[in-house]
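Trainee: Here is a sequence with its predicted model. Questions after.
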There are 2 protein chains.
Amino acid sequence: MSLPLIQKLEQFTRLSSEDKEVLRQMSMEGVRHLDAREDIIREGDRPQSLNLILSGWACRYKHLEDGRRQIISFFLPGDMCDNHVFILRQMDHSVGTLTPVTIAQIPRRRIEEIAGQHPRISQALWWETLVNAAIQREWTVNLGQRDALERIAHLLCELFVRLRGVGLTEGNSCEMPLTQAGLADATGLSVVHVNRTLQELRAAKLIVLRGKSLTIPDLTALQNAALFNPNYLHLDREGRHLDANE
Amino acid sequence: MSLPLIQKLEQFTRLSSEDKEVLRQMSMEGVRHLDAREDIIREGDRPQSLNLILSGWACRYKHLEDGRRQIISFFLPGDMCDNHVFILRQMDHSVGTLTPVTIAQIPRRRIEEIAGQHPRISQALWWETLVNAAIQREWTVNLGQRDALERIAHLLCELFVRLRGVGLTEGNSCEMPLTQAGLADATGLSVVHVNRTLQELRAAKLIVLRGKSLTIPDLTALQNAALFNPNYLHLDREGRHLDANE
DNA sequence: CGCGCGCTTGAAGAGGCTCAAGAAAGGTGG
DNA sequence: CCACCTTTCTTGAGCCTCTTCAAGCGCGCG
């Protein structure tokens, strides 16, 4: 079993064993453990290193002055927070944990060095960055056009497919540590309405959600209900022309 | 009067006259003119070059299967579509013009060459990319948390401030070629409601919108109404430590 | 055992949508 | 320069989705 990051990047291109070893080494630097509901970075901070999620869930979020809160994106194991942000003076949002989290804090220099020496890794990290941008765009569509049921279904599809990509699903089930309040903050809905919409999804046999576990009996059906098209996740080994041949 | 792109990048760092000359040369390559409502890139395309908007407005957009349409972001003069997308196999959205547009189509190689030879430009393009990501995140907040009036006000603030950054405002006025249908597609509201909300903004003396011209009599007031905080645009010459000293 | 957090339910109300139609503006060709 | 056509804007009315407020329940944990 390999690191989530490696599994994730191999959805783009096959890495050489040296590539993987470099990434494994990198993941062991500056390891930190955090509790749930802790901030990793706060709005206004000037980050000097990059955080790689080794385990647990985190999110970007932003508060409006009057307290409304929006979750802007989720970080799952294998995700990196903020490639290249050091160019900006200060964070315009915060990153916080949703569950207990283990991260590797990788100094800026270290990443630049690795990317410089390992072009295949560099390309794969680029792919990571571009996919994150694509996800953010899809969230724009999700919030702008989909109704409550589609919106929640879409989010669940995305999370499931992303978790599957890092080996964190079992059959058609995965962990779902988000509370209904978390889902509400991510989808721009009220907690009450999230609750009712989840019941609707359950009644339609599209999801089984109990405790912290999500099962999707028929992923295709859920995708149809959500108007979910996974192409924005660019998972078809799009960098296969770069594959290591060993 | 200089190119929008140069003005824009100089909000980040002061460029040398050589830097500027390089960018000016670049902007003269592969110039194309497009009418309003033409596609520059279509979902599914595999782009091999990068498009720099020289004049006019364009947007990213996406259709759902049932026809709903979301505008995902706006491209104004000086904006570049899709730095580095060539890593991805195919576009997951389209880019289309909103007005007649002039673009420079810059081959991938050319950009890489320029970025490689001119570190200050490279950093500035990075800044551009990161600001675009920040804008996309802010749109997530906008669609998720703000009500119709705040949402439209926020969008108008953003567009005004971005246009000011490329020298396309006159006092407190700017061009506003968007139709109400365009505003609706960008804000996830119905055309009817956009219309009524604009009337509300007019009645509150927050905007003067006539024909294709927008005037914001009191930007601070509009910002307050929108809960608009410009920090996400990272305009404070954050790269000033890189300034060319000539 | 009791407290707190998360989930659930009901009822009422608001914000935004749809449908429909007419008015104004803008562009085009004669 | 006018006549016509299309696009864009505007208005009214009714409805529906989602919100808010309020309260009760259940479960995990100290």
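Mentor: Good, I have the coordinates. Numbering: from 1, shown residues only, chains lettered A, B, ... in the order given.
Trainee: which non-adjacent residue is nearest the residue positioned nearest the centre of chain A?
Mentor: Centroid-nearest residue in chain A: A:Phe75, 3.6 Å away (criterion: Cα atoms, centre = their mean). Distance criterion Cβ to Cβ, 6 or more residues apart in numbering or on different chains; nearest residue to A:Phe75, sequence neighbours excluded, is A:Ala58 at 4.2 Å. (Glycine included, C-beta is placed from N, CA and C.)
Trainee: what do you get for A:Ala115?
Mentor: Excluding its sequence neighbours, the residue lying closest to A:Ala115 (Cβ to Cβ, 6+ apart) is A:Ser122, at 4.0 Å.
Trainee: need the contact list for the one you found.
Mentor: A:114-116 (Cβ atoms under 8 Å, 6 or more residues apart in numbering or on different chains).
Trainee: do you know how far it is from DNA strand D?
Mentor: From A:Ser122 over to DNA strand D the distance is 42 Å, taken as Cβ to the nearest atom of the strand, to the nearest Å.
Trainee: Secondary structure element holding that residue?
Mentor: Assigned by DSSP states H and E, A:Ser122 falls within helix A:119-145.
Trainee: Now look at the following helix or strand past that helix and say if it contacts DNA strand C.
Mentor: With elements assigned by DSSP H and E, the helix or strand that comes after helix A:119-145 is helix A:148-165. No. For helix A:148-165, no contact with DNA strand C is found by Cβ under 7 Å from any atom of the strand; the gap never falls below 12.1 Å.
Trainee: what's the angle from helix A:148-165 to helix B:119-145?
Mentor: 140 degrees (axes from the mean of the first three to the mean of the last three Cα atoms, to 10 degrees).
Trainee: neighbouring contacts of helix A:148-165?
Mentor: The contact list for helix A:148-165 (Cβ under 8 Å, 6+ apart) reads A:7-8, A:11, A:74, A:76, A:78, A:135, A:138, A:142-143, A:146, A:169, A:174-176, A:183, A:186-189, A:193-194, A:197-198, A:200-201, A:206-207, A:214, A:216, A:219, A:222-223, A:225-228, A:230, A:233, A:235.
Trainee: Which stretches in chain A count as strands?
Mentor: Shown for chain A, the strands assigned by DSSP state E span residues A:31-34, A:39-41, A:49-55, A:58-63, A:69-75, A:80-81, A:94-97, A:101-107, A:169-170, A:173-175, A:208-210, A:213-215.
Trainee: can you put those strands in CSV and add mean pLDDT and distance to A:Asp19?
Mentor: Shown next, in CSV, are the strands of chain A (pLDDT from 0 to 100; distance: least, Cβ to Cβ, whole Å):
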stretch, mean pLDDT, distance to A:Asp19
strand A:31-34, 96, 21
strand A:39-41, 95, 26
strand A:49-55, 95, 15
strand A:58-63, 97, 25
strand A:69-75, 98, 22
strand A:80-81, 93, 16
strand A:94-97, 96, 27
strand A:101-107, 96, 16
strand A:169-170, 96, 25
strand A:173-175, 97, 27
strand A:208-210, 95, 37
strand A:213-215, 97, 32
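Trainee: Quick check: which of those is nearest to DNA strand D?
Mentor: Ranking the strands of chain A by proximity to DNA strand D (Cβ to the nearest atom of the strand) places strand A:208-210 first, at 9.9 Å.
Trainee: The closest one pairs with which strands, parallel or anti?
Mentor: If you go by DSSP bridges, strand A:208-210 pairs up with strand A:213-215 (antiparallel).
Trainee: for DNA strand D, what are the nearby residues on chain A?
Mentor: Within chain A, the residues that sit near DNA strand D (Cβ under 7 Å from any atom of the strand) are A:147-149, A:188-190, A:192-193, A:196-197, A:211.
Trainee: on that earlier part again, which of the contacts of A:Ser122 has the largest number of neighbours?
Mentor: Neighbour tally across those (other Cβ atoms under 10 Å in any protein chain shown): the maximum, 18 neighbours, falls on A:Ile114.
Trainee: how about that residue, what does it touch?
Mentor: When contacts are counted by Cβ under 8 Å, 6+ apart, A:Ile114 touches A:22, A:26, A:121-122.
Trainee: Out of those, flag the one nearest to DNA strand C.
Mentor: Taking the contacts of A:Ile114 together and measuring to DNA strand C by Cβ to the nearest atom of the strand, the closest member is A:Met26, at 32.8 Å.
Trainee: ok, residues contacting stretch A:17-24?
Mentor: Taking Cβ under 8 Å, 6+ apart as the rule, stretch A:17-24 contacts A:2-3, A:5-6, A:9, A:15, A:114, A:118, A:120-121, A:244, A:246.
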